[in-house]
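Peer 1: Any chance you can model this:
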Amino acid sequence: MEYNITDWDSISIQFSKMFENLGDINLTEEYISYSSYKPYVATGIMLTKKGQLIASMPLHNVDSYFEQVIFDSNLKSIRLIGEKFDYTYTIPSVILQLRRI
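Peer 2: Residues are numbered from 1 along each chain as shown. This is a model prediction of the structure:
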C-alpha cells in the first residue's frame with residue numbers, strides 16, 4: 001500500500017490499523033503518532049502532514065522528511081521515502097506478539 005503525503009486520510013487509516021492494540025495512537029489534523037506500551041520495547045513514530053518523520057528505537061532516533069509512505073502487506077513495517085532519505089520502521093517482534101492476544 002503506497003501513498004503520497006497528499007493522501008493524508010489514507011495514510012492515517014493504514015497507520016491506525018498497523019498500530020492498533022500495540023500501544024498509544026494519537027491522530028490529529030496535523031500529525032499521527034504511535035508509542036509502545038510499557039514494559040515493552042520503548043519505541044515510537046510520528047508522521048506530520050507536512051512530511052516530517054520523528055522515530056525512536058533503542059539505539060537510534062530519526063528526524064527527517066518524507067514524501068512517499070509504503071506500508072508492507074502485513075502491516076509490520078512502514079517505509080518512508082524522501083528526496084535524499086529512505087527509512088523503514090519495523091515494529092519489534094515482541095510488540096507484534098500483542099496482535100495475537
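Peer 1: helix or strand for residue 16, which one?
Peer 2: Element membership for residue 16 (DSSP states H and E) is helix 8-19.
Peer 1: tell me what that helix is packed against?
Peer 2: Contacts defined by 3 or more C-beta pairs under 8 Å, 6 or more residues apart in numbering; DSSP states H and E place helix 8-19 against strand 2-4, strand 23-27, strand 31-36, strand 68-71. C-betas here are computed from N, CA, C, even on glycine.
Peer 1: closest one to residue 95 among those strands?
Peer 2: Nearest to residue 95 among the helices and strands packed on helix 8-19 is strand 31-36 (5.7 Å), distances taken as C-beta to C-beta.
Peer 1: quick one: low-confidence ranges for this structure?
Peer 2: 59, 101 (pLDDT under 70).
Peer 1: Centre-most residue in it?
Peer 2: By C-alpha atoms, centre = their mean, the chain has its centre lying nearest to residue 45, at 5.0 Å.
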